[in-house]
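Novice: Fold the following, please.
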Amino acid sequence: MTEYRPEYIPAYLSNGLIGLRVGRIPLVEGLAMVNGLAAVHPTDRVESFARAPYPVAGEIAINGVKLSEHVDRARFVEQRYDFGSGELTSRFRFDVGGVTAEAESLVFCSRTQPTLVLHELRVTVDTACDLSVALGVDPSGIAGRWKNRETDTPGAEKPVVDGSLEWETDGGLTTCGGAYVTRFEGIENAKREREEHNRIAPLRTSYTLRASAGGTCLVRSIASLVASQMHAEPHREATRLAAVGAKLGFDRLREENREAWRELWRGRVSLVGASRRWQAFADAAFYYLHASAHGSSLFSTSMFGLAYWPNYHYYRGQVMWDIESFVFPPLAVTDPHAADALLQYRTDRLRGARRNAALNGYRGLQFPWASGPLNGEEMIRVSAPLITLEQHISLSVALAFARYVHVTGDLDFLRERAWPVLEGVAEWIASRVRRTDRGYEIEGVIGIAEQRDEPVDNAAYVNMSAKVVLAEAAAAARRLGRQDAPRWEAIAEDLFIPWANGIILNHDRFTSAERGVTGATPEALAALFPVGYVVAPETERATIEFYLERIDDFIGHPMLSALLGVYAAWIGERERSLDLFERGYAEFVNEPFWETDEFSRKRFPEKPRVGPFQANLAGFLSACLYGLPGIRVGQDEPCEWARRPVTLPSGWNAIEVEQLWIRDRPARLYAAHGAQRADLRVSSD
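Specialist: From the prediction side, this is the model:
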């Protein structure tokens, strides 16, 4: 990118533990997030995400004139974002009194040492001058207060890091520890200085020298950020980890990070025959998904990963149904350790889900709609109380646990972690249903179409998902020798699904007269995919045709828009499939770095530019990995998971993935248009 337009938001970098926004001039424009760091939201007054000290902060001074005080003298040159390694390179110029400094900043978040952010700043001047270059960690401008600030190391004669801090978030819910180490390389000797006496000054190490014309200096920093959720003394642990990073060295950490990304990219979704534009969209989706999740992300991820910018609320960073419904499925086969970490978040907060069920008058586990990271309790804003009736999140969580067992074949996971969730959610369903002359019914809920003023009865997505969960729970019970299966199977058998004229209805009172985005939301289709509820072929076709004819009022809204092309492909309409992917996904993608927005930019140009919205990009990846190839995972052998003929959007010849992970072995996917079944081949090695 060489032209930075006013509507752009800064580039998003992350490794799943740390998230950054890095602006045009990285030293003075950016912010940081840390997985698990929580604060009291200033408006809603509920538990939400918190900003962390910025680990890419710095300064350049020429003959005493500081960049931070004269940003107007800086000129943006370009930014280059390498999705292959997660590295962002920014170039800018700083002009002062006839002296021009050419600056190049390289930033990445390490995947192998996931608390570390590495920054390399290279400065070249065209005229001899007094030059000062500084890097550090800066909490300026974020809500909270200092708890600790140190430039020495307790018990050590010589500091092991340049400095450390502990920052308390607004409301005192958590603290963030930070520490950093710098190294200077240059032709001239430089004077090294730190602010050691001001207890509230940003942590910063400066290197000052008399630079010659054409001279170049290079400063590198390795910074660690740790949330108190991960360690009781986060500033001490950050000191240890930053020191370890310094010992390993910048170059080694950079190469290890690149190697980690190379391995992940073996799971790249290749769209054979599609345009380069579509491949770029698929690659960007793959990158932002994996950048936002990690095997060490024990606090799950949020609807925008670890991205934030002050132009939007970003849903306050809470964990919602999007994660298990959309983010989990592609991760389960491309990065199972990251998928496991998402589920670990739920495992660690079962107590909160059990209490939530009790508070609502039910048994078992009812996961909150908007889960706060501290204890997994309900943290949706109190100004929207009806949203707590969107109770289908528990079904999404249970299905993710069941499908992790199917994908990995891990029976220990089934016994120790999946079973408590499946049993708990099945018991919640059993206490939530009401027996009537039509069978079992689930009344008074809000389905996916959450714009309703009043709840509905028997939302198709909810009831169909509940039937699938009960079947998974019963199957698990039989595998483990439990006695619950017949009762759950009986409820599933008689759970009422609203339908008329061969079409599954969105809810009990639904008619074709229900208009607007609520009436056009294809809730019933979402139960077919990605939930996997199986119906007769004629019912599937009729239901798909009915809702696709009504889709214009909905398409462009979040989540399900990215899936619409799958449904058209399932009824053999290739041109329509491509058009729906265009309107339901491509039109959501923002320049310059292909972040996927929450809403269609074409249909809703007035909305703030945000991203990367995980449900949309992961939904598109799920469409490519599961929906279009006809893959539905199960307890049976993986070679049986391809369950329908392959129809791809117009112009797409095949979908190919070099390496997936299934049953702890590498696997290859090849889904050719027109094939009777996709080829999912698991290695025998």
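
Novice: hey, let's count contacts and neighbours off CA atoms from now on
Specialist: Noted.

Novice: check contacts around the closest residue to T2 other than its chain neighbours.
Specialist: Spatial nearest neighbour of T2, excluding adjacent residues (Cα to Cα, 6 or more residues apart in numbering): E78 at 4.4 Å. By Cα atoms under 8 Å, 6 or more residues apart in numbering, the contact set of E78 is M1, T2, E3, S90, R91, F92.

Novice: Show me the beta-bridge partners of E78.
Specialist: Beta-bridge partners for E78, by DSSP bridges, are R91.

Novice: Please tell me how far it sits from A285.
Specialist: Note on E78: its distance to A285, by Cα to Cα, to the nearest Å, is 23 Å.

Novice: Settle this for me: E102 is touching V96, isn't it.
Specialist: No. Counting by Cα atoms under 8 Å, E102 sits too far from V96 to count as a contact (11.7 Å).

Novice: which residue is nearest the middle of this structure?
Specialist: With distances taken as Cα atoms, centre = their mean, the residue of the chain nearest its centroid is G305 (3.3 Å).

Novice: doesn't G16 make contact with it?
Specialist: Yes. Counting by Cα under 8 Å, G16 is a contact partner of G305 at 7.5 Å.

Novice: rewinding a little: list buried residues within the contacts of E78.
Specialist: S90, R91, F92 (16 or more other Cα atoms under 10 Å).

Novice: Pick the one among those closest to G30.
Specialist: S90 (12.6 Å; Cα to Cα).

Novice: got the contact list for the closest residue to the closest one other than its chain neighbours?
Specialist: Nearest residue to S90, sequence neighbours excluded (Cα to Cα, 6+ apart): Q79, at 4.4 Å. The contact partners of Q79, by Cα under 8 Å, 6+ apart, come to M1, T2, R24, L88, T89, S90, R91.

Novice: Grab the two from the residues you listed that are most spread out in space.
Specialist: Farthest-apart pair in those is T2 and L88; separation 13.6 Å (Cα to Cα).

Novice: Buried ones in stretch 374-384, by neighbour count?
Specialist: Quick answer for stretch 374-384 (16+ other Cα under 10 Å): L374, G376, E377, E378, M379, I380, R381.

Novice: Kindly give the local confidence score, pLDDT, for the closest residue to S48 other than its chain neighbours.
Specialist: Counting by Cα to Cα, 6+ apart, S48 lies nearest to R316, which is 5.0 Å off, once chain neighbours are set aside. On pLDDT, R316 comes in at 90.

Novice: what sits against R316?
Specialist: For R316, the contacting residues are H41, S48, F49, by Cα under 8 Å, 6+ apart.

Novice: Overlap in contacts, G305 and G16.
Specialist: Taking Cα under 8 Å, 6+ apart as the contact rule, G305 and G16 both touch S292, A293.

Novice: so where's the chain shaky on pLDDT?
Specialist: 187 (pLDDT under 70).

Novice: residues contacting the residue in it sticking out farthest from the centre?
Specialist: Distance from the centre of the chain peaks at A128, with 46.7 Å (Cα atoms, centre = their mean). By Cα under 8 Å, 6+ apart, A128 lies in contact with V99, R210, A211, S212, A213, G214.

Novice: Residue for residue, what is the longest helix this protein has?
Specialist: The longest helix of the chain (DSSP state H) is helix 460-479.

Novice: in that one, what counts as buried?
Specialist: Within helix 460-479, the residues that count as buried by 16+ other Cα under 10 Å are 460-477.

Novice: just checking, next helix/strand downstream of that helix?
Specialist: Moving toward the C-terminus from helix 460-479, the next helix or strand (DSSP states H and E) is helix 485-494.

Novice: name the helices or strands packed onto the longest helix of the chain?
Specialist: Helices and strands touching helix 460-479, by 3 or more Cα pairs under 8 Å, 6 or more residues apart in numbering; DSSP states H and E, are helix 393-408, helix 419-432, helix 485-494, helix 523-528.

Novice: mind putting the ones you listed in JSON lines, mean neighbour count included?
Specialist: Shown next, in JSON lines, are the helices and strands packed on helix 460-479 (neighbours: other Cα atoms under 10 Å):
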{"stretch": "helix 393-408", "mean neighbour count": "25"}
{"stretch": "helix 419-432", "mean neighbour count": "23"}
{"stretch": "helix 485-494", "mean neighbour count": "17"}
{"stretch": "helix 523-528", "mean neighbour count": "23"}
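
Novice: could the ones you listed go into JSON lines alongside distance to R204?
Specialist: As requested, the helices and strands packed on helix 460-479 are exported to JSON lines (distance: least, Cα to Cα, whole Å):
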{"stretch": "helix 393-408", "distance to R204": "44"}
{"stretch": "helix 419-432", "distance to R204": "47"}
{"stretch": "helix 485-494", "distance to R204": "61"}
{"stretch": "helix 523-528", "distance to R204": "51"}
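
Novice: for the residue nearest to E59 when sequence neighbours are not counted, helix, strand, or coil?
Specialist: Residue nearest to E59 in three dimensions, not counting chain neighbours: A134, with 4.9 Å by Cα to Cα, 6+ apart. Assigned by DSSP: H, G, I helix; E, B strand; the rest coil, the conformation of A134 is strand.

Novice: Quick check: A134 touching I60?
Specialist: Yes. Contact criterion Cα under 8 Å: A134 and I60 qualify, at 6.5 Å.

Novice: Who has more neighbours out of those two?
Specialist: Between A134 and I60, counted using other Cα atoms under 10 Å, the more crowded position is A134 (25 against 22).

Novice: Beta-bridge partners for that one, please?
Specialist: Bridge pairing for A134 - DSSP bridges - gives E59, S206.

Novice: picking up where we left off before, relative to L165, which of the contacts of E78 is nearest.
Specialist: Distances from L165 to these, taken by Cα to Cα, are shortest for S90, at 27.1 Å.

Novice: Do I have it right that the closest one meets P26?
Specialist: Yes. Under the criterion of Cα under 8 Å, S90 makes contact with P26 at 7.4 Å.

Novice: which residues are in contact with both of these two?
Specialist: What both S90 and P26 touch, as defined by Cα under 8 Å, 6+ apart, is the set S105.
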